[in-house]
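Participant: just to be clear, the model below is a prediction. Sequence and coordinates:
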Amino acid sequence: MQQPQGFHKGSLNTICKLGKVIYGLKQAPRVWFQKFTVNLLWLGFQHAQLDHSLFIFTSRTTVIYILIYVDDIIITSNSSVAIQNLVHTLHQSFPLKDMGKLHYFLGIEVNYDNVGGIHLSQTRYLIDILYKLNMSNAKSIKTPMVPSSKLINDGTAICQDPSLYRSIIGALQYLTITRPGIAYTINKLSQLMHRPLKVHWKATKRLLRYLKGTSQHGLHYKKSTDIDIFSYCDSDWASDQEDMRSTSGNCVYLGFNIVSWMAKKQRVVSRSSIEAEFKSLASLVAEIQFI
């Protein structure tokens with residue numbers, strides 16, 4: 001914090017009258033992040049080009065990653081000693097509280113196995129969504145959507161609460177962080193938020209019933225030195241009956257671990273299923289080049 005203009009050093013008996021509490025101001029997180037960034041850059045860290053909140057330190061034997069969200073910080077490294085030294089150094093400039101091994105961060109639960117692997121899930125986050133809709137005791141089903149379902153304007157009435165529909169779809173979009181299997185369904189339901197109908201709300205509740213029965217599912221990452229890239233892609237053909245555009249889907253594995261997945265409507269109409277498949281392949285190639 002800095003003194004405002006008009007304050008003269010040497011006035012020992014003069015203080016500033018605080019007009020508004022500084023905590024909770026929009027500028028406070030930004031100022032804190034700037035100060036923290038300066039300290040990390042001074043320690044030799046570099047900003048990641050693709051994520052402004054990610055900092056990377058590399059040397060001959062040590063690699064350290066720091067991920068920041070407001071005042072929550074994740075630190076990981078190939079050296080536990082390097083982590084301890086870094087925390088000690090940062091603690092000299094900032095009041096830090098070491099929470100120990102990572103188990104929960106931004107709605108994502110982290111569990112560890114006995115062979116160095118980790119399991120990421122959002123069970124607690126999903127339970128909160130189901131509780132909000134009074135679906136905690138809903139009967140589960142085996143599929144996220146009806147096979148060959150056409151979510152079009154079938155003349156049924158508008159959804160009773162369009163704002164609730166948009167809110168739930170937005171919450172479920174965040175759930176795809178650990179649930180690639182629902183990406184296609186979420187992609188379809190997200191295209192209907194401008195004017196959701198009752199049939200669309202029914203499809204959303206079906207997805208929630210599927211998630212209710214698979215709430216423990218997530219991503220499992222194995223400890224491995226295999227860095228070969230394996231990728232898969234697919235596409236439907238003219239699944240949207242209103243604009244006749246197709247939807248592409250792909251996933252990329254680094255060794256045995258999935259690192260990227262996507263379900264996205266194609267920008268233009270495909271004149272054949274083969275053309276739709278090639279567009280999906282082109283999208284996958286671009287993703288691999290990015291990785």
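Facilitator: That came through fine.
Participant: where does the stretch 151-291 of the chain have low pLDDT?
Facilitator: 153-155 (pLDDT under 70).
Participant: mind listing the strands in it by residue range?
Facilitator: Using DSSP state E, counting those that start in this stretch, the strands of the stretch 151-291 of the chain run over 218-221, 229-235, 247-254, 257-265.
Participant: what's the first one packed up against?
Facilitator: Going back to what we said before, that points to strand 218-221. strand 118-121 (3 or more Cβ pairs under 8 Å, 6 or more residues apart in numbering; DSSP states H and E). C-betas here are computed from N, CA, C, even on glycine.
Participant: report the rounded mean pLDDT for the strand it packs on.
Facilitator: For strand 118-121, mean pLDDT is 93.
Participant: just checking, next helix/strand downstream of it?
Facilitator: Under the assignment DSSP states H and E, the closest C-terminal helix or strand after strand 118-121 is helix 123-132.
Participant: alpha carbons only: can I get that next one in PDB?
Facilitator: Extracted in PDB, the C-alpha atoms of helix 123-132 (Å, rounded to 0.1, in the frame of the first residue of the first chain):
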ATOM      1  CA  THR A 123     -17.800 -35.400  -7.300                       C
ATOM      2  CA  ARG A 124     -18.500 -32.700  -4.600                       C
ATOM      3  CA  TYR A 125     -19.100 -30.100  -7.300                       C
ATOM      4  CA  LEU A 126     -21.600 -32.400  -9.000                       C
ATOM      5  CA  ILE A 127     -23.400 -33.200  -5.800                       C
ATOM      6  CA  ASP A 128     -23.900 -29.400  -5.200                       C
ATOM      7  CA  ILE A 129     -25.500 -29.100  -8.600                       C
ATOM      8  CA  LEU A 130     -27.800 -32.000  -8.000                       C
ATOM      9  CA  TYR A 131     -28.800 -30.700  -4.600                       C
ATOM     10  CA  LYS A 132     -29.600 -27.300  -6.100                       C
END
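Participant: residues contacting I169?
Facilitator: Counting by Cβ atoms under 8 Å, 6 or more residues apart in numbering, I169 makes contact with I186, L189, S190, M193, T204.
Participant: which among those end up buried?
Facilitator: Using 16 or more other Cβ atoms under 10 Å as the burial test, the contacts of I169 include I186, L189, T204 as buried.
Participant: out of those residues, who's nearest R124?
Facilitator: Lowest distance from R124 to the buried ones among the contacts of I169 (Cβ to Cβ) belongs to I186, with 19.4 Å.
Participant: how close does the closest one sit to K222?
Facilitator: Distance of I186 to K222, given as Cβ to Cβ, to the nearest Å: 26 Å.
Participant: got it, and M145?
Facilitator: M145 is 30 Å from K222, by Cβ to Cβ.
Participant: which one's more surrounded, those two?
Facilitator: Taking other Cβ atoms under 10 Å, M145 and K222 do not tie; M145 has more neighbours (19 against 13).
Participant: domain map for the chain?
Facilitator: Following automatic domain parsing, the chain resolves into domains at 27-100, 120-218, 225-290.
Participant: in JSON lines: these, plus distance to V110.
Facilitator: Putting the domains of the chain into JSON lines (distance: least, Cβ to Cβ, whole Å) gives the following:
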{"stretch": "domain 27-100", "distance to V110": "10"}
{"stretch": "domain 120-218", "distance to V110": "6"}
{"stretch": "domain 225-290", "distance to V110": "15"}
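Participant: which of these sits closest to E109?
Facilitator: So among the domains of the chain, domain 120-218 is nearest, using Cβ to Cβ, at 5.0 Å.
Participant: now the end-to-end length of that closest one.
Facilitator: Separation of the first and last residues of domain 120-218 by Cα to Cα, to the nearest Å is 6 Å.
Participant: returning to what we had before: would you turn the buried ones among the contacts of I169 into a markdown table with distance to I169?
Facilitator: Formatted as a markdown table, these follow (distance: Cβ to Cβ, whole Å):
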| residue | distance to I169 |
| --- | --- |
| I186 | 7 |
| L189 | 5 |
| T204 | 7 |
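Participant: would you mark the buried spots in stretch 170-189?
Facilitator: Residues of stretch 170-189 classed as buried by neighbour count (16+ other Cβ under 10 Å): 172, 174-176, 178-180, 182-189.
Participant: same thing with stretch 196-214?
Facilitator: Those would be 196-197, 199-201, 203-204, 206-212, 214, for stretch 196-214 by 16+ other Cβ under 10 Å.
Participant: most widely separated two among the residues you listed?
Facilitator: L197 and T214 (26.1 Å).
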